[in-house]
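> Fold the stuff below for me.
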Amino acid sequence: MDRCCGGAGVSFVVDAQVHGWDGRPHNQAGPAGEQFVADLHHRHRMVDPSPRPLSADAFGLVTREALAAHVLSAVDRAVLVPATFDDLFVLGFAAPAWHAELAEEHPGRLVLAGELDPADRERARGIGAQVTRGGLRALTVLPSRRPETAVSLRASWLRRTLIRAEQAGAGVVHIGVAPTARPPAAAPQWAHAGVVEAGEAVPRPRWPSWAEPVRAGSALPVRARTPGPLPAGAVDVAEVRELAAALPRVRFVLGAAAAPTAALTRLARLPNVYVLLTDLLIALRRDPEPAAEALGELLAAYGPDRLMFGSGYPLVRPARLIRDLMTFRYPDSLRGRYPELDDEVLEALLGGTASRLYRLADPRVPQAGRRRPAGPVALSRSPRAR
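Numbers count the residues shown, from 1 in each chain. Take a look at the predicted model:
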């Protein structure tokens, strides 16, 4: 796929959020699994403006050929982020075992992450061996069952488990990074509560409009919803802060829509917190001014060395998001308020930060006995007015 836009170039691109899933009917555990996949496909048709959106059949299974055509033709490396959701899918949705098979088909191109349910201590036993055996470089912390379950990070065993994983080689932890469907037409009232931080007496709705699909969670029917102060699938920023402060050697990657932008910018004071821009980049066309403002706020707070590109594929194919980012300009109302996305910033956002975080070899650096695998051509962007 041609990714050239003319001008200066970005030659190493990493997609830090890709899901290899199997949502076909035979893997769906009843109507809830069917509804979840249908909601995801509906969101794909809304946010991926390609004249040829993926069909329901093609969307339901990420194959080796689909990864090559849609992802690896546009990026140099991709991080496979798992999401099992046991009670919705018989063999798991984006299961680590399927990710491992995909990685074998594309040697050297895919980074594997494991999965850690903060409510399931038994599955976390032997995490060091799991990391070593699977060649994992990251862990995703999310419930392995219902995708709309709020995530608690306060269990003492969770810290010990993350330390063992970091010592074994998986020193990156994803929080609030998972496939999300469209919001329900009428979300329950409690789903609009804001993040509870220290010193805040009353939760308030603070999610920007561009984060709506993540904030409201999935539209799938559930057996029961437990009212609480956190929106569906969200995390308490105070808990993230405590965890990151207690584990300075672990790098925490939060989805840009895992919490309100203001709460995320305050977390930038911790040097081991990073932000994955997937949902924000998807919103640059759908809700351009609020999304651009959020991007500027995060860029000012974190700098380009702690922000990363991700597509959320197959929700959106990465080539379109790359083009949007390469040609991005702040709206006139925001011009001059935030750092510009010059070549150096784009180099970091599109690959530099992720290659450093996941310890990826830069193909531009010659290595003895190795040849760069056939892949995408150098990325470049159009010159813009200064």
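
> For this protein, which strand extends over the most residues?
Longest among the strand segments of the chain by residue count, using DSSP state E, is strand 110-116.

> Just checking: what are the partner strands of that strand?
strand 77-80 (parallel), strand 138-141 (parallel) (DSSP bridges).

> if you compare those strands, which one is most tucked away?
strand 77-80 (a mean of 27; mean count of other CB atoms under 10 Å). All C-beta spots, glycine's among them, are computed from the backbone N, C-alpha and C.

> So which other helices or strands are in contact with the very next helix or strand once past it?
Downstream of strand 77-80, the first helix or strand assigned by DSSP states H and E is helix 96-105. Contacts defined by 3 or more CB pairs under 8 Å, 6 or more residues apart in numbering; DSSP states H and E place helix 96-105 against helix 64-70, strand 77-80, strand 110-116.

> Redo the ones you listed as CSV? Include distance to residue 344 and mean pLDDT.
Converted to CSV, the helices and strands packed on helix 96-105 look like this (distance: least, CB to CB, whole Å; pLDDT from 0 to 100):
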stretch, distance to residue 344, mean pLDDT
helix 64-70, 28, 96
strand 77-80, 20, 98
strand 110-116, 24, 96
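
> Can you tell me which of those is most buried?
Mean neighbour counts for the helices and strands packed on helix 96-105 (mean count of other CB under 10 Å) peak at strand 77-80, with a mean of 27.

> List of residues touching that strand?
Outside strand 77-80, the residues within contact range by CB atoms under 8 Å, 6 or more residues apart in numbering are 13-20, 67, 71-72, 94, 99, 102-103, 109-113, 138, 310, 313, 351, 354-355, 358, 360.

> returning to what we had before: how about the strands paired with strand 110-116 in TSV, adding distance to residue 211?
As requested, the strands paired with strand 110-116 are arranged in TSV below (distance: least, CB to CB, whole Å):
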stretch	distance to residue 211
strand 77-80	21
strand 138-141	19
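
> Which of these sits closest to residue 261?
Nearest to residue 261 among the strands paired with strand 110-116 is strand 138-141; the distance by CB to CB comes to 21.0 Å.

> mean confidence for the closest one?
The pLDDT scores in strand 138-141 average 96.

> Helices of the stretch 201-350 of the chain, residue ranges please.
Ranges of helices in the stretch 201-350 of the chain, per DSSP state H, counting those that start in this stretch, are 212-216, 237-246, 261-267, 278-286, 288-302, 318-326, 343-347.

> Tell me the helices and strands packed up against the last one.
Looking back up the chat, that one is helix 343-347. strand 9-10.

> ditto for the second one
Contacts defined by 3+ CB pairs under 8 Å, 6+ apart place helix 237-246 against helix 156-168, strand 251-255, helix 261-267.

> For the helix or strand following the longest strand of the chain, buried residues please.
Scanning forward in sequence from strand 110-116 by DSSP H and E, the next helix or strand is helix 127-134. Within helix 127-134, the residues that count as buried by 16 or more other CB atoms under 10 Å are 127, 128, 130, 131, 134.

> pLDDT below threshold where in the stretch 201-350 of the chain?
Counting by pLDDT under 70, the stretch 201-350 of the chain contains low-confidence ranges at 201-207, 212-234.

> Perfect, I'm done here.
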